[in-house]
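> Let's see this in three dimensions:
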Amino acid sequence: MMLNDDKLWQANAGIKKEISAHSLIHSFSSHLLESGVDLRYIQEILEHKNSETTEIYTYVSSKNLEKIVSPIDTINLNKEGER
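The predicted structure follows:
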C-alpha cells in the first residue's frame, strides 16, 4: 500500500472525514512527540534532512504542559530546613 493512497488509508481506518497522507504523518509525528519520543528520532523516522522541518511538531500541547514539574516542587525540606 502506498502512503499516498489517501482514499485506501481512509477506508481501511474507517475515517469518514477527508484526510491526506500529510495529515496522517502530522498526526503520527505529533503523537510520537507527545509520547516522549525525542525530536531527533522523529526527524530520522520522517527522513527530514533539516531539523527545522521536524520542529513544526513542537507546538505547545496542553497535555505536555501539565506534565511539567517545577524544580522547586522537587526540593524535599525537613523541619530544620535542611535537604
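
> Look up how far His26 lies from the residue nearest the centre of the chain.
The centroid of the chain falls nearest to Leu33 when counting by C-alpha atoms, centre = their mean (2.2 Å). Here the distance between Leu33 and His26 works out to 11 Å (C-beta to C-beta, to the nearest Å). C-betas here are computed from N, CA, C, even on glycine.

> Repeat that for Glu52.
Glu52 sits 16 Å away from His26 when distances are taken as C-beta to C-beta.

> Out of the two, name the residue with the larger neighbour count.
Between Glu52 and His26, counted using other C-beta atoms under 10 Å, the more crowded position is His26 (13 against 9).

> quick one: that one and Tyr57 touch, right?
Yes: applying C-beta atoms under 8 Å, one finds His26 in contact with Tyr57, separated by 7.3 Å.

> which parts of the top helix by length along the chain are buried?
Longest helix in the chain, counting residues (DSSP state H): helix 21-34. Going by neighbour count (16 or more other C-beta atoms under 10 Å), the buried part of helix 21-34 is Leu24, Ser29, Ser30, Leu32, Leu33.

> same question, stretch 44-57
So stretch 44-57, judged by 16+ other C-beta under 10 Å, has buried residues His48, Thr54, Tyr57.

> from these, which single one is nearest Lys7?
Distances from Lys7 to the buried residues of stretch 44-57, taken as C-beta to C-beta, are shortest for Tyr57 (25.1 Å).

> What is the longest helix of the chain packed up against?
When contacts are defined as 3 or more C-beta pairs under 8 Å, 6 or more residues apart in numbering; DSSP states H and E, helix 21-34 packs onto helix 6-13, helix 39-46.

> Save those helices as a markdown table, and put in distance to Lys67 too.
Converted to a markdown table, the helices and strands packed on helix 21-34 look like this (distance: least, C-beta to C-beta, whole Å):
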| stretch | distance to Lys67 |
| --- | --- |
| helix 6-13 | 28 |
| helix 39-46 | 16 |
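
> pretty sure Thr58 contacts Leu32?
No: using C-beta under 8 Å, Thr58 is not in contact with Leu32, being 11.7 Å away.
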